[in-house]
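S.K.: Fold the following, please.
(one chain, ligands or ions: 2)
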Amino acid sequence: MSAPARLPTNAPFPPDAIAALNRVIEHTSPTQRSWLAGFLAGYEAAGVPAVAAPAAVARPALSILFATESGNSEALARKAGKDAARLGFAPRVLDAADTTPADLAKTERLLVIASTWGEGEAPARATGFMEALLSDAAPRMDKINFAVLALGDRAYAQFCATGLAIDERLAALGGHRAAALLECDLDYDAPAAAWLTATLPALRGADAESAASVIHVDFGAVDAREYSKTNPFQAEITDLVNLNSSRSAKQTFHVELSLAGSGLTYLPGDAIGIAPENDPAVVEAVLDAAGLSGDTALHAALVKRHDVSTLSGYLVRSLAELAKDPAIAALAGDAERLAEFLPGRHVVDLLTVFPNRLTAAQLTGLLRPLPPRLYSVASSQAMVGEEAHLLVGAVRYQTHGRDRSGVASIHIADRRRAGDTLGIHVKANPHFRLPADPATPVIMIGPGTGIAPFRAFMQERDAAGIMGKSWLFFGDQHYTHDFLYQLEWQDLMERGVLGRLDVAFSRDQDAKSYVQHRMWDARRDLHAWIEDGASLYVCGDQVRMARDVHTTLRDVIAAGAGIPAEAAEERLTDLKQQGRYLLDVY
Ligand SMILES: Cc1cc2nc3c(=O)[nH]c(=O)nc-3n(C[C@H](O)[C@H](O)[C@H](O)COP(=O)(O)OP(=O)(O)OC[C@H]3O[C@@H](n4cnc5c(N)ncnc54)[C@H](O)[C@@H]3O)c2cc1C
Ligand SMILES: Cc1cc2nc3c(=O)[nH]c(=O)nc-3n(C[C@H](O)[C@H](O)[C@H](O)COP(=O)(O)O)c2cc1C
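M.R.: Residues are numbered from 1 along each chain as shown. Ligands and ions are numbered 1, 2, ... in the order given. Okay, here's the model as predicted:
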């Protein structure tokens with residue numbers, strides 16, 4: 001890997017300043033350099049609170065389209081909208097869920113910010129837009145100058161697939177790229193800010209006059225008093241208890257956190273981000289494999305700051321380049337072999353299979369920042385005040401002959417106790433809220449840890465004295481060992497806050513029984529509730545549960561309304577569009 005370029009001696013600084021800047025730059029990561037670029041680009045503007053657009057100049061229209069599941073793309077789009085207004089654009093921020101390609105074809109400037117979900121899929125509410133854009137009926141986009149920012153996670157094989165598909169399709173339909181697509185990993189804040197800094201002026205085009213020459217990095221985000229993903233609050237754990245019985249195959253922890261003194265607030269439906277720490281033993285194994293055992297400072301840095309687990313094609317390619325190792329280069333260059341090698345393997349496996357002595361800087365340069373993990377908040381502040389409750393399932397499994405443990409869940413399960421702290425931030429989820437009208441019936445489907453937001457929903461309604469129609473589907477392995485919050489549900493039922501509870505325990509009988517089976521059993525009532533205007537909420541496992549639940553809902557509607565499956569599928573799409581079929585799946 002080549003060293004970062006040095007400032008030339010003719011740079012407009014005194015020699016000692018050039019030397020000092022070079023010393024700093026040499027030890028920066030690509031992410032830090034991108035952040036610095038954005039920071040410097042906005043440095044002047046930061047002192048000027050609002051740069052007024054010149055009155056006489058027509059403001060060029062800019063459409064900013066986002067496709068989001070958990071709000072990251074939306075938050076970036078709204079921030080880009082503010083930056084664009086400061087630059088003299090007339091921006092309008094559009095949700096792909098409410099937009100058609102035909103709407104876009106009329107615009108001349110388009111910024112797209114899109115995330116990828118599932119295994120390379122579009123966010124649920126944006127699937128209709130994507131289908132229309134990819135269809136033969138999509139309109140020509142010859143008039144459009146566009147740029148696409150793609151959010152994703154390198155841990156997934158289909159990295160940034162939605163953004164890539166939109167970028168390719170807009171170009172194929174005749175659109176002109178104003179800037180190359182940017183693929184962002186989970187640490188997207190700095191690279192996205194730097195890309196927007198460069199891209200917004202490029203979208204303006206040569207003909208329009210400039211209202212301001214720079215946009216800026218969000219300086220508010222570096223305010224130490226505001227807690228955020230990059231500046232987590234150290235919340236004290238006030239209670240930590242495993243809700244499963246000792247005979248269960250699972251461990252699911254109820255975690256109570258104190259928010260006292262933080263000023264943090266949340267709403268039912270939101271999530272809390274946890275800044276985890278790596279297992280020191282896994283860090284030791286990585287250091288050992290890289291020939292760096294015994295470096296205690298590096299060990300401490302890796303425990304807290306670097307993702308020592310996730311193995312991606314990008315990391316394999318980076319190591320091949322860095323180590324000049326022909327064996328790794330052969331793997332990195334063979335997509336089929338790589339696709340076979342990666343699943344279930346972690347960084348330590350790569351470094352063990354292909355041993356190479358690395359320097360500390362090489363190793364940390366290879367590893368991405370340790371991303372926070374999100375947990376649906378399981379409480380309502382109307383009930384618990386300055387606390388947040390979470391429900392965390394312990395992730396333990398074996399692959400390629402090694403025991404593996406989930407970074408965040410096992411940090412909480414094995415290495416945290418009441419009285420310890422966890423770094424946290426609040427992640428708002430405005431698309432997963434209780435209905436505005438308390439009289440609207442709610443149907444909540446949440447097996448396993450998917451139950452968490454529904455505890456928050458029920459606490460909220462309980463605190464407000466709402467007894468409206470509510471129905472909960474819960475499932476897990478065994479009634480006696482895994483019935484999470486059983487006494488609370490029973491109490492809510494007795495007091496009429498929760499109207500109906502249907503449970504499925506998959507391993508209590510020979511034939512597996514899941515929530516979707518209970519839904520089918522209750523199909524007449526379920527269909528009647530939907531016809532009665534109920535909102536449907538699904539939370540928990542995305543891969544198996546949410547798909548099976550979706551299929552069952554389709555079948556319930558088809559049977560209830562006496563319509564074909566395709567028409568029932570359209571009805572579900574309509575419900576999604578109306579905000580009456582809401583998913584929070586992971
Ligand atoms: C909006 C949102 C809300 C969430 N809410 C909750 C919640 O309320 N409760 C909760 O427990 N979790 C919740 N999650 C999931 C949570 O964020 C973490 O992903 C989860 O706890 C695992 O994190 P970890 O760090 O322990 O595991 P990681 O270190 O991230 O490891 C998890 C990864 O390990 C691999 N893996 C796991 N099991 C196996 C296996 N059997 N075989 C092979 N590979 C495997 C998979 O690649 C998986 O992605 C939520 C996620 C999102 C996005
Ligand atoms: C369950 C789940 C599945 C995901 N699947 C992918 C994927 O296939 N490819 C990818 O690049 N990113 C994937 N991601 C990462 C998201 O794209 C990333 O977290 C993004 O920042 C989310 O943005 P949003 O909040 O705008 O939806 C996935 C994340 C989750 C939680």
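S.K.: and the next element down the chain from the strand or helix carrying Ala132?
M.R.: For Ala132, the host element (DSSP states H and E) is helix 127-134. Next in sequence after helix 127-134, counting helices and strands by DSSP H and E, comes strand 145-151.
S.K.: Low-confidence stretches in this structure?
M.R.: Scanning the chain for pLDDT under 70 picks out 1-12, 14-16, 18-19, 23, 26-57, 206-225.
S.K.: quick one, domains of this structure?
M.R.: Per the record's domain assignment (automatic domain parsing), the chain is made up of the domains 41-221, 233-276+372-427, 280-366, 442-585.
S.K.: need the contact list for Arg204.
M.R.: Residues near Arg204 by C-beta atoms under 8 Å, 6 or more residues apart in numbering: 60, 87-89, 109, 210. (Glycine included, C-beta is placed from N, CA and C.)
S.K.: Point me to the residue of the chain nearest ligand 2.
M.R.: Nearest to ligand 2, among the residues of the chain, is Gly152, at 2.3 Å (C-beta to the nearest ligand atom).
S.K.: burial of Gly385, as a residue count?
M.R.: Using other C-beta atoms under 10 Å, Gly385 has 11 neighbouring residues.
S.K.: still on that earlier bit, filter the contacts of Arg204 down to the buried ones, PyMOL style.
M.R.: The PyMOL selection below is limited to those of the contacts of Arg204 classed as buried (16 or more other C-beta atoms under 10 Å):
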select buried, resi 60+87+88+89+109
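S.K.: got the residues of the stretch 51-200 of the chain near ligand 2?
M.R.: Counting by C-beta under 6 Å from any ligand atom, the stretch 51-200 of the chain comes close to ligand 2 at 68-73, 115-120, 123, 151-153, 156, 158-161, 186.
S.K.: Next step: the residues you listed restricted to strands.
M.R.: 115, 151 (DSSP state E).
S.K.: Show the buried residues in the residues of the stretch 51-200 of the chain next to ligand 2.
M.R.: Applying 16+ other C-beta under 10 Å to those flags 68-73, 115-118, 120, 123, 151-153, 156, 159-161, 186 as buried.
S.K.: what about the residue of the stretch 301-450 of the chain found nearest ligand 1, how many residues close to it?
M.R.: Here the stretch 301-450 of the chain gets closest to ligand 1 at one residue, Gly406, 2.2 Å apart by C-beta to the nearest ligand atom. Neighbours of Gly406 under the rule other C-beta under 10 Å: 19.
S.K.: can you check Gly419 too?
M.R.: So Gly419, with other C-beta under 10 Å, has 9 neighbours.
S.K.: between the contacts of Arg204, which is closest to Ala96?
M.R.: Arg109 (16.9 Å; C-beta to C-beta).
S.K.: Does the closest one touch Arg59 like I think?
M.R.: No. Taking contacts as C-beta atoms under 8 Å, Arg109 lies outside contact range of Arg59: 11.2 Å.
S.K.: Need the residues touching each of the two.
M.R.: With C-beta under 8 Å, 6+ apart, Arg109 and Arg59 have common neighbours Phe89.
S.K.: Could I get the contacting residues of the closest residue to Ala275 other than its chain neighbours?
M.R.: In this structure, Ala275 finds its nearest non-sequential neighbour in Gly423, 3.4 Å apart by C-beta to C-beta, 6 or more residues apart in numbering. For Gly423, the contact set (C-beta under 8 Å, 6+ apart) comprises 232-235, 274-275, 372.
S.K.: quick one: secondary structure of Gly423?
M.R.: strand (DSSP: H, G, I helix; E, B strand; the rest coil).
S.K.: Specify the beta-bridge partners of it.
M.R.: Gln234, Ala275 (DSSP bridges).
S.K.: partner strands of the strand or helix carrying Asp403, parallel or antiparallel?
M.R.: With elements taken from DSSP H and E, the one containing Asp403 is strand 402-405. Sheet pairing here is set by DSSP bridges, and for strand 402-405 it gives strand 396-399 (antiparallel).
S.K.: Is there proximity between the strand it pairs with and ligand 1?
M.R.: Yes. Under the criterion of C-beta under 6 Å from any ligand atom, ligand 1 is reached by strand 396-399 at 397, 399.
S.K.: Compute the number of surrounding residues for the closest residue to the residue of the stretch 301-450 of the chain closest to ligand 1 other than its chain neighbours.
M.R.: Nearest non-adjacent residue to Gly406, counting by C-beta to C-beta, 6+ apart: Val395, 2.9 Å away. As a burial measure, Val395 scores 15 neighbours (other C-beta under 10 Å).
S.K.: Val395 and Ser245, how far apart?
M.R.: 19 Å (C-beta to C-beta, to the nearest Å).
S.K.: I figured Gly273 hits Ser228, correct?
M.R.: No. Using C-beta under 8 Å as the test, Gly273 is too far from Ser228 to be in contact (9.1 Å).
S.K.: Quick check: neighbours shared by those two?
M.R.: Contacts common to Gly273 and Ser228, judged by C-beta under 8 Å, 6+ apart, are His425.
S.K.: which residues does Leu422 contact?
M.R.: Contacts here follow C-beta under 8 Å, 6+ apart; on that basis Leu422 touches 234-235, 237, 255, 257, 274-275, 412, 416.
S.K.: what's the answer for Asp95, then?
M.R.: Counted by C-beta under 8 Å, 6+ apart, Asp95 has contacts 65-68, 74, 125.
S.K.: Top of those by number of neighbours, please.
M.R.: Ala67 (31 neighbours).
S.K.: so what's that one bridging to?
M.R.: Going by DSSP bridges, Ala67 forms beta bridges with Ala114.
S.K.: So stretch 362-376, near ligand 2 or not?
M.R.: No. Stretch 362-376 lies out of reach of ligand 2 by C-beta under 6 Å from any ligand atom, never closer than 7.5 Å.
S.K.: buried sites along that stretch?
M.R.: 362-368, 370-376.
S.K.: Could you report the neighbour count for the nearest residue to Asp279 once chain neighbours are set aside?
M.R.: Counting by C-beta to C-beta, 6+ apart, Ser405 is the residue found nearest to Asp279 once chain neighbours are left out, at 6.2 Å. Neighbour count for Ser405, taken as other C-beta under 10 Å: 18.
S.K.: next one: Thr162
M.R.: 28.
S.K.: you'd agree it is up against Gly118?
M.R.: No. Thr162 is beyond contact range of Gly118, at 9.9 Å (criterion: C-beta under 8 Å).
S.K.: how near is the closest residue to Leu498 other than its chain neighbours to Val353?
M.R.: Nearest residue to Leu498, sequence neighbours excluded (C-beta to C-beta, 6+ apart): Leu492, at 3.9 Å. Separation of Leu492 from Val353 (C-beta to C-beta): 52 Å.
S.K.: out of the two, which sits in the busier spot?
M.R.: The residue with more neighbours, out of Leu492 and Val353, is Leu492; 21 against 14, by other C-beta under 10 Å.
S.K.: Which helix or strand contains that one?
M.R.: Judged by DSSP H and E, Leu492 forms part of helix 486-494.
S.K.: Figure out how far the helix or strand just after that helix is from the centre of its chain.
M.R.: Next helix or strand after helix 486-494 toward the C-terminus (DSSP H and E): strand 500-505. Here strand 500-505 is found 29 Å from its chain centre; the criterion is C-alpha atoms, centre = their mean, to the nearest Å.
S.K.: Let me see the contact set for the residue nearest the centre of the chain.
M.R.: In the chain, the centroid-proximal residue (C-alpha atoms, centre = their mean) is Ser70; its distance is 5.5 Å. The contact partners of Ser70, by C-beta under 8 Å, 6+ apart, come to 115, 271, 374, 427, 429.
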